[in-house]
Each structure stands twice: as structure tokens, then as C-alpha cells.
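[1] Sequence plus the predicted model coming up.
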Protein chains: 2
Amino acid sequence: MKIGLLGHGVVGSGVTAITDSCARKKVRRLEVTRILVKDESELTDPRCTLNVEEILQDPEIELVAECMGGLEPAHTMVSRALEAGKHVVTSNKKMFANYCEELFGLAQENGVTIRYEASVGGGIPWMSNLTRIKRLESVLSFRGILNGTTNYILTRMEETGRDFEECLAEAQKLGYAEKNPTDDIEGYDVMYKAAITAMKAFNATPALDAIPMYGIANVSSVDLAWAAEKNCSLKLLACGSDDGKSISLWVMPVFLKKEDILANVSGNFNAIECNSETLGKASFIGQGAGSLPTAHAVVQDMLDVYVGQDTALGEMESRTICNDNIHAQFYIRTENREFFRPVTREVLLSGAIITEVMPLSEIDRMIKESEDAALFAAMVYAE
Amino acid sequence: MKIGLLGHGVVGSGVTAITDSCARKKVRRLEVTRILVKDESELTDPRCTLNVEEILQDPEIELVAECMGGLEPAHTMVSRALEAGKHVVTSNKKMFANYCEELFGLAQENGVTIRYEASVGGGIPWMSNLTRIKRLESVLSFRGILNGTTNYILTRMEETGRDFEECLAEAQKLGYAEKNPTDDIEGYDVMYKAAITAMKAFNATPALDAIPMYGIANVSSVDLAWAAEKNCSLKLLACGSDDGKSISLWVMPVFLKKEDILANVSGNFNAIECNSETLGKASFIGQGAGSLPTAHAVVQDMLDVYVGQDTALGEMESRTICNDNIHAQFYIRTENREFFRPVTREVLLSGAIITEVMPLSEIDRMIKESEDAALFAAMVYAE
């Protein structure tokens, strides 16, 4: 099967590293014949080209693997590949979370498939295991650490007592965080992955702007100190559940008890748990990013296309998100403490407050109304 | 697809609970038409029979699911099912670990498959994920908590400070341990699962009696007290690795640092980690036993047979086990301390000793020579 690869950066170069060297018989049939690169400095391989038409208009290329990242031109190229009757494998969560409905439609119209294992949880076989569980039963809920950058920063803050900026700078130096870290630290990256997971787990295509999203851009060492005092770890989680009527879905830092498996997932690892009726709780932990682990997931998707693995998704429903039933206490550190007085149960020495047990939807509304751009919010896990 | 079920105990009744009620279209095609039960008190369902010939000689039955446990008559019935050209799914680790080579041969001769997801790790999709990883690359190593009974006992000893007998009695009362707990507490159950995992991961069929096997029958609260002092948890692990030349494989309690994910897997949960070249470390945690989780794995195997999922194993090699390269310190509590003096680095207040760093094969040989039936041995994890 001839393959066109879009992008030859961290993930794309991992893909060719695997497909060029793997000795397995079926992997040898995955032949990357053209690689789209973004400028002349990347023309390091005779297969490289600056012209995407050499991929999209090549009738011999049956599959396009998109490892560029970003909305455009990835979205347009993937759409055109599907329209040209080519299967697509993507590692691009931002593009896929934004356009999944449209892309599924295009794939169906053109009798091809679009796969996206690498878009959530890097190397963790999360989508394939969700698919397997769903052959038998509905997924009731999931929760996970889906961003290695922020998990690395929080782990280092916990280990060293240093403040956010210093740990972010360290992560950038090690290549774990990008120069512009907005997508990671403000929670966008996790939110895209939460939406893709909800789509797969609950057959739901939620509106992205309806997902409550809190990142760690405003976290401080005083928050980690409180976590230590309470024998907790602070983790940025994505959580979702489906009660058959509505789905809940949210992204927020959470103070987790140390006994919680997720509290012990450190560094740039990712971890995802799901619950279903007969299987119960199942957890998957692994490399959430990095060239080879993510490329491993891309190549696994290529193999699934090659062997014709069933990937039917069932009917998608455009379901609304309702977080009214997510009850917890919340930790809020803000200059605007007075605003939260009606729901405050305790004021900590640091000035942060702990709320009474209240719905996530309610605290989300209050935080937005309070308009403090420096506010830090987290859930205090009760399970 | 018509299915004959052998055994209607904990796992078998879970299987019919799922196949009889699941609304998924493909699962509805899995029709259990006959159930072999062991005595008249179990004839609770019109499909039940006391005569296995009604299954083995029924030409309409394409798949036999064996959930009886034990070597015989399970082994003979499974062999006859394969010879009759029926696919087999088994949850029976003891039978499968002992006869896997013979059964693979029979399956191949008769053009059918034998699947065994439920035999290791209960509901954890361990075999299917190993199979998936191996499409791309070799598995380098694994380590895991593969027995819920002993993990429950060790967790309770750690939580309560109570001694082994009391926690075993509690586990028996809750149905987590059998009346005759030998297979669990002496390590046989884990050893069977380690052998099956090694077979799948390394294409090796090790001789069972060559696997060093230490259980927790002799563990005492003083051992758990030392674990607490060292900020460790004590876990019964199965570990294996493959360096391309030889494989290592062993079963032994291990003192794990609390930061280790496996140290935080408590109660009757199981957990398995594996390492491979591009995916790196991947971990799977879930229900290791229980009616519905184990039955979930059995039904998933049935579905794989039904949809014709590829399960080719590759060539099996009869490889020898060599634990010479597994170096660690060991914790030995014995009346026969003098015997271990040449390798003793430290004598603890409890009288237990800590050895110098030495090969597992060497301490295994010494322990066997020392002939103390009450000896407790564990590895002190250095990673």
C-alpha cells in the first residue's frame, strides 16, 4: 500500500523511521512514497516534496498520513485526500476535534476511513481499546491525564517546590514544551483530546466551546504546597461520563489523593481510565507524546487500514454537555475572593478558598462572571 | 455462530449473562446453545447438559468456550473440540500453560484457532494489546501483578498491620480466595500466567518447572513492617525479558518503591507493564478476576473468532530460561540464616537478612539448597 505523508517533523520523521526499518512482513507493505515538507531545508530525502499535489493527485497513493498539526492547511489537505478516495490517518487533535463531523461525512461519502489513534494519548492504544470495549458495551465514564507537558511541569513543581515559570522554562529547554506553550498550559490541547475521546466513547460530537476548560497557566507553588499538606497530587484531568441521557465533559486541574493511580503518573506520561458495565475500571498508561511512541500509533492505524480492521463508529449524535451532576468542592485562588463568599466553606492561610460541595456547572458560571484573569481553579477530588 | 460452553460457574455464568442480554448486533450472533454443567443441581437452564457429547458431537456448534478450570477433564475436552474442527476460547490458565504447544498444534492441524485472553489478567485486554504491539515490534520485557487474591491479602496486611492468616481468612470470606488457596498463595497461578505471557510476548514455550517461583504463603507482618519503613509496598510480581538470545522469567514478591505505579495497584486489581522499542513503556490495569470482567474477555475472544481477527502467533521456539542477568538485592527471612552468611550484607532487627547484589539464579539455587520450608524470600527492587 503506497502512502503519502504530510509533515516530516517530530511525528512524521518517527513514522518513516519505523516504516523504513521495521522487518515485520505486513509493515513492509506500508510504503511511504512521498513526504510533504514545509521548506527547502527539509528536502533531506528523495521522497520529499514541497508540492502537496504530488500526493493528492497520485492515484497510486491509497493512504495519506497527516502529521503536520494545526488547523490549516492540514484540514484542507485531509479533506481533499478523503475526496480523492484516499484513507486518512491523522495525529492532529486540534484539526480533528474541530472538523471530525465533516471529515467522517467525507470519509463515508467516499468509501474510505479516517483513523486518529495518535491524536489522543500518544502511543497509548486508547482508541483501539475503546473500540474493543464498545463492541460489547457502552462506556460509562472516563478520566485521564492527556497532556505530557503540563504533567511534567506539575510533577517538577511537586518534586522541587519551584514555581510554574521556572518549571515551564525547564520543560521548554528539554523539548517537552513548545516556545509558545498556550495550547498546553491553558488546557486547549487536553480539551481537544477530551472531545475526541467523548466522540469515540459516547458517540457524541460536543460543541468545543461548551466544554469547561481550566488549565495550569495560573498555578503557583502555594497550590502545590496545599496539595502536599493534604497528601494529594495536582493533576490536569479530562473527564467525561454518559448517563444515557446527557453527557458530562470537562477539563480542570484536580487534587487527587496519593492512593489514586492517576496521582502516581508522573513526568510526561499520560494515563486514561474508563469504566464500563462488565469490564469495570480499566486503565491505560504510557508515553503521551514523543516521536516514536506517537509514530507507533500512526503506523498501527496504517496497519488497521491495510488489514481492513473494522472501525465502524455507529451513529453520531449531537449531544449537549451538562455538568450539573458533577458535584465537588473547588479550590479557588483569586484576588476577587469576595465574589465567591456565598459558596466559601473555608479560607486557607494562602488566601485561596475551598468552596462547599457544588455543581461544576455552577462554579464554572461564577468563575466566568468573576472576571479575574489570574484566577486558579481546581477540583478537590472526593472519590 | 453456535457456541458450546463448558462450565457454568463464576466465569461461565458471567458469559451467559453477557451473551444473553447484550444488545450489540454482533454479540447477538454469539448463540450459546449448550452448557455443560457438573451435576444435577446446576441444571438451571434448558440449555444445560451433563453430557459433553451433546457439545462435542453437535456439528452446528462452531466454537467451544472452556470455563471449567483445572487440568482434567478440561484438557481432554478442549483437545477433542479442536480435533472436531471447533474453535476454542479458554479462561483456564493452568490447563493452557501446561498444554499450549500441543493445543496450538491441534488447532493448526484442524484449521481452527484457540484464544485465551481471559487466562491472564482477567478483564485486562492484555493478550490483544500484546498482539497489537507485536505487529510492529518485539516485546523486550514485561512485569505485572497477575493475581488478585494475593494482591488483596498483601494490600490488607499493609493497610491493617494484621498477619497473613487473618487477611487470608478475610479474603476467603469475601470470595476473593478459595478454600484451598495453594495455587494462589504459593505462586502457581502467577507462574502459569507468566508462562502464557512469555509465550505470547517472546514466542517462547518455557518449561514450567524452570521458572523460579516464590509465593506469599510464608509472608509475615514483620516483612510488611520493613516495607513501610523503606517506603515500599510488597507485591507479588511476574517478570520476563528477552534480550534476543535468552529469556528471563520469574515469579517472586518484590519490595517496590511507593512512586512505582505497580506499588499503587491495590486490592484485587491486576496490572501489567510492557516495554518495546518504539512504544516504550505501556501499562494496563484492571479487574484481574471476577465473573463479569473475566467473562467480558471470553466474549471478546468469541467476537474475534466470529469476525476472523488475525491471531497468527509466528513460530514458537522452545527457549531456555536464564535468570543469570537479573541482578538485585534479596530479602530473606529464614531460621537457617547461617547458610546465607556468604552473601549477607545486612541483618535486620527482625532477623531477616538483606543480601548483596547477586543474580536471581544464584539466590534461587541457594534457597533450594537451604531447605527451609518456612523461608520467605523477596526481591528488593532497585530500578
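    Noted; the coordinates are in hand.
[2] and the residue in the stretch 51-200 of chain A that chain B sits nearest to, what is it in contact with?
    Closest contact between the stretch 51-200 of chain A and chain B, by C-beta to the nearest C-beta, is at A:Gly123 (4.8 Å). (Glycine included, C-beta is placed from N, CA and C.) Taking C-beta atoms under 8 Å, 6 or more residues apart in numbering or on different chains, we find A:Gly123 in contact with A:286-288, A:290, A:292-294, A:296-297, B:278-280, B:282.
[3] Could you point out which of the residues you listed is nearest to A:Ala225?
    Among the contacts of A:Gly123, A:Gly288 lies closest to A:Ala225 (C-beta to C-beta), at 26.3 Å.
[4] my guess is the closest one meets A:Asn270, correct?
    Yes. With contact defined as C-beta atoms under 8 Å, A:Gly288 reaches A:Asn270; the gap is 2.9 Å.
[5] Touching both of the two, which residues are there?
    By C-beta under 8 Å, 6+ apart, the residues touching both A:Gly288 and A:Asn270 are A:121-122, A:124, A:145-148, A:151.
[6] Including pLDDT, neighbour count and secondary structure, could those go into JSON lines?
    Output for those, formatted as JSON lines (pLDDT from 0 to 100; neighbours: other C-beta atoms under 10 Å in any protein chain shown; DSSP: H, G, I helix; E, B strand; the rest coil):
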{"residue": "A:Gly121", "pLDDT": "93", "neighbour count": "32", "secondary structure": "coil"}
{"residue": "A:Gly122", "pLDDT": "89", "neighbour count": "29", "secondary structure": "coil"}
{"residue": "A:Ile124", "pLDDT": "95", "neighbour count": "29", "secondary structure": "coil"}
{"residue": "A:Ile145", "pLDDT": "98", "neighbour count": "27", "secondary structure": "strand"}
{"residue": "A:Leu146", "pLDDT": "98", "neighbour count": "29", "secondary structure": "coil"}
{"residue": "A:Asn147", "pLDDT": "97", "neighbour count": "30", "secondary structure": "coil"}
{"residue": "A:Gly148", "pLDDT": "95", "neighbour count": "24", "secondary structure": "helix"}
{"residue": "A:Asn151", "pLDDT": "97", "neighbour count": "26", "secondary structure": "helix"}
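[7] shouldn't A:Gly111 be in contact with A:Gly85?
    Yes. The pair A:Gly111 / A:Gly85 is scored as a contact, 7.0 Å apart, by C-beta under 8 Å.
[8] neighbour-wise, which of these two wins?
    A:Gly85 (12 against 9; other C-beta atoms under 10 Å in any protein chain shown).
[9] Now that one. Nearest residue, chain neighbours left out?
    A:Asn110 (5.1 Å; C-beta to C-beta, 6 or more residues apart in numbering or on different chains).
[10] my read: the one you found touches A:His87, true?
    No. Taking contacts as C-beta under 8 Å, A:Asn110 lies outside contact range of A:His87: 9.5 Å.
[11] More neighbours: which of those two?
    Neighbour totals were compared for A:Asn110 and A:His87, and A:His87 leads with 25 against 15 (other C-beta under 10 Å).
[12] From what I see, the more buried one and A:Leu303 are in contact.
    No. In this structure, A:His87 is not within contact of A:Leu303 by C-beta under 8 Å, at 11.8 Å.
[13] any idea how far the residue nearest to the residue of the stretch 51-200 of chain A closest to chain B when sequence neighbours are not counted lies from A:Ala118?
    Spatial nearest neighbour of A:Gly123, chain neighbours left out: A:Pro293 (3.0 Å); criterion: C-beta to C-beta, 6+ apart. Distance, A:Pro293 to A:Ala118, using C-beta to C-beta, to the nearest Å: 9 Å.
[14] Which one's more surrounded, those two?
    A:Ala118 (31 against 26).
[15] Next up, the contacts around the more buried one.
    A:11, A:67, A:89-91, A:294-295, A:297-298, A:301.
[16] neighbours around A:Gly9, how many?
    14.
[17] contacting residues for the residue nearest to A:Gly123?
    A:122-123, A:286-287, B:278-280.
[18] Low-confidence ranges, the stretch 151-300 of chain A, go.
    Low-confidence regions of the stretch 151-300 of chain A, defined by pLDDT under 70, are absent; no residue qualifies.
[19] Flag every residue of it that's near chain B.
    A:259-261, A:263-266, A:277-287, A:290, A:292-293, A:295-296, A:299-300 (C-beta under 8 Å from any C-beta of the partner chain).
[20] Which entries within those meet the buried criterion?
    Among those, those scoring as buried are A:260-261, A:263-266, A:278-287, A:290, A:292-293, A:295-296, A:299-300 (criterion: 16 or more other C-beta atoms under 10 Å in any protein chain shown).
[21] So which of those belong to helices?
    If you go by DSSP state H, those have A:292-293, A:295-296, A:299-300 in helices.
[22] where does the closest residue in space to A:Asp189 that isn't next to it in sequence land in three-state SS?
    Leaving aside its chain neighbours, A:Asp189 sits nearest to A:Asp183 (4.8 Å; criterion: C-beta to C-beta, 6+ apart). The local conformation at A:Asp183, judged by DSSP: H, G, I helix; E, B strand; the rest coil, is helix.
[23] what does A:Gly123 give?
    coil.
[24] what are the ranges of the helices in the stretch 51-200 of chain A?
    A:53-56, A:74-83, A:93-109, A:126-136, A:148-160, A:164-173, A:182-185, A:188-202 (DSSP state H, counting those that start in this stretch).
[25] Pick the most deeply packed of those helices.
    Of all those, helix A:188-202 carries the top mean neighbour count, a mean of 25, counting by mean count of other C-beta atoms under 10 Å in any protein chain shown.
[26] what's the angle between that helix and helix A:148-160?
    If you take axes from the mean of the first three to the mean of the last three C-alpha atoms, to 10 degrees, helix A:188-202 sits at 120 degrees to helix A:148-160.
[27] quick one: contacts for the closest residue to A:Arg29 other than its chain neighbours?
    Spatially, and ignoring its direct neighbours in sequence, A:Arg29 is nearest to A:Met1 (5.9 Å; C-beta to C-beta, 6+ apart). Going by C-beta under 8 Å, 6+ apart, A:Met1 touches A:29-31, A:62-63, A:302, A:305-306.
[28] Sitting in helices, which of those do you find?
    Reading helices off those with DSSP H, I get A:302, A:305-306.
[29] Identify, from the residues you listed, the entry nearest to B:Gly240.
    A:Met302 (29.0 Å).
[30] can I assume that closest one is in contact with A:Val89?
    Yes. With contact defined as C-beta under 8 Å, A:Met302 counts as touching A:Val89 (5.7 Å).
[31] quick one on the thing from earlier: may I ask which of the contacts of A:Met1 has the most neighbours?
    A:Met302 leads the contacts of A:Met1 on contacts (other C-beta under 10 Å) with 26 neighbours.
[32] separation between that residue and A:Ala352?
    48 Å.
[33] ok, now A:Ala227?
    11 Å.
[34] any idea how far the nearest residue to A:Glu101 once chain neighbours are set aside lies from B:Leu349?
    Sequence neighbours aside, A:Thr205 is the residue nearest to A:Glu101 in space, at 5.2 Å (criterion: C-beta to C-beta, 6+ apart). A:Thr205 sits 62 Å away from B:Leu349, going by C-beta to C-beta.
[35] Please say which of these two ends up with more neighbours.
    A:Thr205 (18 against 9).
[36] State the distance from the more buried one to B:Arg143.
    Taking C-beta to C-beta, one finds A:Thr205 at 40 Å from B:Arg143.
[37] A:Gly105 now?
    Taking C-beta to C-beta, one finds A:Gly105 at 45 Å from B:Arg143.
[38] cool, and A:Met127?
    Distance from A:Met127 to B:Arg143, by C-beta to C-beta: 26 Å.
[39] same question, A:Asn180
    Taking C-beta to C-beta, one finds A:Asn180 at 39 Å from B:Arg143.
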